[in-house]
Every structure is written in C-alpha cells, then in structure tokens.
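J.: Provide a 3D model corresponding to the input given below.
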Amino acid sequence: MVKFAKFACAAFASALLLAPPAFAASIDVFVGYADSLRASGFFPTLWLGDAGVVSESAASQSGGFDAGAIRIDNNTGSAITIQNFTVSLNGGATTFSIWANLVIGAGQTGIFTQLFAYDFDSSDFGFLPDGIGIDGTHPLGGCTNPGALSAVQQALCIARRPTVTFDILGGGSFAGTDAGHILDTFGYDFINGSSDGNESINWNKIGSPADRGGDAPEPSSVLLIAAALFAAGLVRRRQKRA
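T.: Sure thing, here's the model as predicted:
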C-alpha cells in the first residue's frame, strides 16, 4: 500500500511537470463584426492599426471590411503563438480555417478577420428569415428575441451557435461558443434588419449575450458605480444642509 502511494504521488508530480502552461486561462476572447462599407457608430474598437494590435490582416483593404472578427487579448507575461484557428457556423456545416499562425506579444491584442474582401463574410450564413423578431425592445431580432421564434427556430439558435477554436503553442487549446450569435449576426443577414444600414457590432466577450455597443459593465462594476453615486448624493445633501 505504501509503495502504491509513493508511486501515485510520483506519477502525479510527473503529470504536473509535463502539463502545458495554462495560457488559455490568461487570455480574453471577444467576438464582433466589422462593416466599413457603410457608416455606423458600432465599429469594433480596438482595431487593426491601433497600438498593440497584431493581425494577419491589413488595416486598409480594397473594398473595405464586411466580416466577422475575433479578438484575443494576451494577458500573460510572454508572447503566445495562436495556431489552428478555426471558426464554425451553422453547427459545423460551414467552417473557416483561412488564417496562419499569429504571434501575440505580452500585453498585445491579436485580431482574426477577413484576409481579403468578403472571405469571412460570416453574416451571410444565417438560418432565420431576415429581420425576424425585431421590435421596440429587441432591436437586433433573430436569436436575441427567442419569444418571437417558433420552437424549431429556438432550437436552431441553440444548435447553430458559432464556435471558435484554436491551439496555443505549448499552452493547450481554447474552445468557445458565441452564445450571442455575434459572428452570424443573430442568425440572419443583419444588413436586412439593421436600423442604420450597417452590420457592425462592437466587441462582446465570447459567450456573453449580444450587445451591439459592446460589453456592458459587469454587475459588480454597476454596484460600485451605484454606490459611488449614492455616496455623492449624501455628500451633496450634507453640503446643502450646512
């Protein structure tokens, strides 16, 4: 029994030594949509050409951008190499693996988007009728308004959520689900339902609900802001009384 325990401890220690660094836990992944063909206030920022941003894509492209986009923030203290980058739509029926390896330095941001005009036009791979579910409280429609969809369509929104997968050289792998349907613009071609005639969507952390203007403050941040406003109100009341 003692020998077995010693062997088990040794095997566990060896596994720890052989385990790759947990780089995947030290990155943040966001999804967005870039449409520079038409004016809009929702274009993803940061973007290509900004300080600290690396990409295989050029900041200026003939024909402009009309493409899904994935952003990786490297929060580690060293460079990482992203390889085997793949985006799957429609439950895997459509797969994009057009990108080469990308080195993202410590503290830098990497962006994966179109390499040439329209080669990652992910809004064209919807599965819902254009403009379905758009109303006063659901301006994005589609999969963001399940109450307006049939049971079959609701099931499709779950089954056909876009996925992003990649490997980190020497550091494991990443697999994320775009629960907000940002990359396939809510399950239909958003240009046929957009309120401003543009498909752009600012960065949303992958897996979060869709917000065209980008991620809203986390609940803890909202509480801190509310507490600060409440405190400021008390100070003003005291000053008035004084």
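J.: CA only for contacts and neighbour counts going forward, please
T.: Noted.
J.: Could you check what's spatially nearest to residue 84, not counting adjacent residues?
T.: Excluding its sequence neighbours, the residue lying closest to residue 84 (Cα to Cα, 6 or more residues apart in numbering) is residue 166, at 5.2 Å.
J.: so what does the helix or strand hosting the one you found touch, helix or strand wise?
T.: Element membership of residue 166, judged by DSSP states H and E, is strand 163-168. Packing partners of strand 163-168 (3 or more Cα pairs under 8 Å, 6 or more residues apart in numbering; DSSP states H and E): strand 80-89, strand 173-177.
J.: can you pull the buried residues of the shortest one?
T.: Applying a neighbour-count criterion of 16 or more other Cα atoms under 10 Å, one finds 173-174, 177 buried in strand 173-177.
J.: For residue 142, state which of those residues is nearest.
T.: Nearest to residue 142 out of the buried residues of strand 173-177 is residue 177 (Cα to Cα; 17.3 Å).
J.: on that earlier part again, sheet-wise, list the partners of the strand holding residue 166 with their directions.
T.: The strands beside strand 163-168 in its sheet (DSSP bridges) come out as strand 80-89 (antiparallel), strand 173-177 (antiparallel).
J.: Columns mean pLDDT on top of the ones you listed, output as TSV?
T.: As requested, those are arranged in TSV below (pLDDT from 0 to 100):
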stretch	mean pLDDT
strand 80-89	98
strand 173-177	97
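J.: Which among those strands is found nearest to residue 210?
T.: Using Cα to Cα as the measure, strand 173-177 is the one of the strands paired with strand 163-168 that comes nearest residue 210, at 12.6 Å.
J.: CA atoms only: put that closest one into CSV for me.
T.: Taking C-alpha atoms only, strand 173-177 is exported to CSV below (Å, rounded to 0.1, in the frame of the first residue of the first chain):
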residue,chain,number,x,y,z
SER,A,173,-6.2,24.8,-26.6
PHE,A,174,-9.3,27.0,-26.5
ALA,A,175,-12.9,26.3,-27.5
GLY,A,176,-15.5,29.0,-27.1
THR,A,177,-19.2,29.3,-28.1
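J.: sorry, back to before: same list (the helices and strands packed on strand 163-168) but as TSV, adding distance to residue 108.
T.: TSV is the format used below for the helices and strands packed on strand 163-168 (distance: least, Cα to Cα, whole Å):
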stretch	distance to residue 108
strand 80-89	10
strand 173-177	18
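J.: I'm done for today, thanks for sticking with me.
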